[in-house]
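Novice: coords please:
(2 chains)
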Amino acid sequence: MGLAILVGTRKGLFVLRGDDDRREWTVDEPLLAGWDVFHAIKHEDDLYVAANNFVYGATVQRSSDLGKTWERSEQLELPEGSELTLEKTWHVEPGGNGTFWLGGAPGVLFRSNDKGASWEPVRSLIEHPTRERWNPGAGGMCTHSIQIDPENDQTMYVAISAAGVFRSDDGGETWAPKNKGTAADFMPDDPFPEVGQCVHKLLLHPAKPERLWQQNHCGVYRSDDRGDNWERLEDNGLPSGFGFPIALHPTDPDVAYVVPNGDGENRVTADGRLGVYKTTDGGQSWKLASNGLPEQAWAVVLRENLAYDSLDPSGVYLGTQSGSVFVSPNEGEEWIEAASQLPPILSVEVAEWQ
Amino acid sequence: MAVTVLLPSLLAEQAGGQRQFELEVPTVGAALRALPVRDLLFDERDELRPLVNVYVDGTDARERGGLEAELEGGETIRVVAAVAGG
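Specialist: Numbering: from 1, shown residues only, chains lettered A, B, ... in the order given. From the prediction side, this is the model:
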């Protein structure tokens, strides 16, 4: 089987191709050159890309021939009465029964039942009664995380910066805030509000779907009850609770990886190095897992810049704004630089590639 | 008589590789709306995106009445992205 890393950059989508060893990678010419590729996935035989352009707006693009040709979805439209206009597309996620979900800014969600040819705005989130208490983060008010329970596709989660985590138990018809125990330290008058948390990335464990992880502006958290309660995981080996991406392990729900920043005011990696931290005990303790990563670095690592594969041992993938892609073929034991000198990287995902 | 519309390369790729269009249309707006990249030129409220510039025979379309500017036929309309950003 061949593997590919789909690397979304400020200047198009790069495909890095490798084999099961995950030690040698080749870089192909960029696809969708000229587009800011916020996120790209391969689902079955098709590529789906959240692609934005400074002049021409926010789009979703699909290719059924591995990027040789592209089809742009019908124009994305928010409800006219909402007084909202679409700013960016952020994240594409396949759901059950051929459904696809699309997150975007300002804090919006779309659903497609035709493989991304057209998208319907999800009014229940757009018109959520708490919306007036949501605020944009530094990257805009983005719906950046969409997670579907693999055992019950009616249960799904979105995370919005800075609105927090929301869960739907009815396939997106209604949404409940799920932020109990997650802090908003930047709101000193109400540090544990119902909504308004600045969640940076949310992931569900595929083998234990009641377990969620989030990297937040204010700490790393784990929930073991579908987001009803969150435990802050700190003072346990991490240099800082502030970071953007998080990655998991395909079968072991106690494993996670984060890339802490020094703090929220200077958003580069902590301690002047590119440090990936790994837990194997559900976040009770974290250890540096950076063998092979630059020991002197002030890297910028965005929320979509970690990914993991489902091989054994699991591979972990890391992108930086300085245009490097690093691969650990063995669960963080060592890292290899798979590519460098790419444009600023916005996202990495891994896919099977023939 | 038809007018000619020329697209920059990024838009031409989004139009299936076609860079030049010959259209029988009465106005500049009608020309732009007839293109297969209409959604990239106009936002969801049907407003021309602010960084899309349009020139008719070398003159900024705004100076000729904007989207409502009438066409006689034979004009060349060039779509140009404003030079902005990084």
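Novice: interface residues of chain B facing chain A?
Specialist: B:9-11, B:13-14, B:37-41, B:43-45, B:49, B:51-52, B:81-82, B:84-85 (C-beta under 8 Å from any C-beta of the partner chain). C-beta: built from backbone N, CA, C; applies to glycine.
Novice: Only whichever of these are buried, select them in ChimeraX.
Specialist: Selecting only the buried entries of the residues of chain B next to chain A in ChimeraX, with 16 or more other C-beta atoms under 10 Å in any protein chain shown as the criterion:
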select /B:10,11,13,14,37,39,40,41,43,44,49,51,52,81
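Novice: List the ones among the residues of chain B next to chain A that fall in helices.
Specialist: B:S9, B:L10, B:L11, B:E13, B:Q14, B:R38, B:D39, B:L40, B:L41 (DSSP state H).
Novice: Tell me the one among those nearest to A:Y48.
Specialist: B:Q14 (16.2 Å; C-beta to C-beta).
Novice: Phi and psi next, for the nearest residue to that closest one once chain neighbours are set aside.
Specialist: By the measure of C-beta to C-beta, 6 or more residues apart in numbering or on different chains, the closest residue to B:Q14 outside its immediate chain neighbours is B:V37, 5.1 Å from it. In terms of degrees, to the nearest 10, the main-chain angles of B:V37 are phi -110, psi 30.
Novice: beta partners of A:A51?
Specialist: A:V37, A:T59 (DSSP bridges).
Novice: State the pLDDT value of it.
Specialist: Per-residue pLDDT puts A:A51 at 98.
Novice: Help me confirm that it comes into contact with A:T89.
Specialist: Yes. The pair A:A51 / A:T89 is scored as a contact, 7.1 Å apart, by C-beta atoms under 8 Å.
Novice: Give the residues shared as contacts by these two.
Specialist: Counting by C-beta atoms under 8 Å, 6 or more residues apart in numbering or on different chains, the shared contacts of A:A51 and A:T89 are A:F38, A:T59, A:V60.
Novice: contacting residues for residue 36?
Specialist: Assuming you mean chain A. Per C-beta under 8 Å, 6+ apart, neighbours of A:D36: A:G8, A:T9, A:R10, A:K11, A:A51, A:N52, A:N53, A:F54, A:L346.
Novice: that answer is for a different chain, and I need it for chain B
Specialist: B:Q14, B:A15, B:G16, B:Q18 are the contacts of B:P36 under C-beta under 8 Å, 6+ apart.
Novice: let's see 7 Å
Specialist: B:A15, B:G16 (C-beta atoms under 7 Å, 6 or more residues apart in numbering or on different chains).
Novice: what does A:P239 give?
Specialist: Neighbours of A:P239 in contact, by C-beta under 7 Å, 6+ apart: A:P260, A:A270, A:D271.
Novice: pLDDT score assigned to it?
Specialist: pLDDT at A:P239 comes out at 94.
Novice: Please name the nearest non-neighbouring residue to it.
Specialist: A:A270 (4.0 Å).
Novice: any idea which of the shared contacts of A:A51 and A:T89 is the one closest to chain B?
Specialist: A:T59 (7.5 Å; C-beta to the nearest C-beta).
Novice: got any ranges where the chain has weak pLDDT?
Specialist: In the absence of a named chain, this looks at chain A. A:1 (pLDDT under 70).
Novice: meant chain B, my bad for not saying
Specialist: Using pLDDT under 70, chain B drops low at B:84-86.
Novice: so where do the strands sit in it?
Specialist: Applying DSSP state E to chain B gives strands spanning B:3-6, B:20-23, B:52-56, B:59-60, B:76-81.
Novice: Could you provide those in TSV, with additional columns for distance to A:D28?
Specialist: Putting those into TSV (distance: least, C-beta to C-beta, whole Å) gives the following:
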stretch	distance to A:D28
strand B:3-6	30
strand B:20-23	29
strand B:52-56	30
strand B:59-60	39
strand B:76-81	26
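Novice: Residue nearest the middle of chain A, spatially speaking?
Specialist: Chain A has A:E304 as the residue nearest its centroid, 3.9 Å off, counting by C-alpha atoms, centre = their mean.
Novice: thinking it is in contact with A:G319, fair?
Specialist: No. Here A:E304 lies out of contact with A:G319, judged by C-beta atoms under 7 Å, at a distance of 8.1 Å.
Novice: Find the residues that touch each one of these two.
Specialist: In contact with both A:E304 and A:G319: A:V348, using C-beta under 7 Å, 6+ apart.
Novice: And the ones in helices among the residues of chain B next to chain A, which is closest to A:P121?
Specialist: B:D39 (15.4 Å).
Novice: Pull up the residues of the stretch 1-150 of chain A that are close to chain B.
Specialist: A:G34, A:F54, A:V55, A:Y56, A:G57, A:R72, A:Q75, A:L76, A:E77, A:L78, A:T85, A:L86 (C-beta under 7 Å from any C-beta of the partner chain).
Novice: could you redo the last one with a cut-off of 6 Å?
Specialist: Proximity of the stretch 1-150 of chain A to chain B (C-beta under 6 Å from any C-beta of the partner chain) is limited to residues A:G34, A:F54, A:V55, A:Y56, A:Q75, A:E77.
Novice: Now do the closest residue to the fifth one other than its chain neighbours against A:S310, distance only.
Specialist: Take A:Q75 and drop its neighbours on the chain: the residue closest to it by C-beta to C-beta, 6+ apart is B:D39, 3.7 Å away. Taken as C-beta to C-beta, to the nearest Å, the spacing of B:D39 relative to A:S310 amounts to 36 Å.
Novice: Okay, buried residues for stretch A:94-104 please.
Specialist: Those would be A:P94, A:G95, A:T99, A:F100, A:W101, A:L102, A:G103, A:G104, for stretch A:94-104 by 16+ other C-beta under 10 Å.
Novice: does A:A159 really touch A:S145, like I thought?
Specialist: Yes. A:A159 is in contact with A:S145 according to C-beta atoms under 6 Å; the separation is 3.8 Å.
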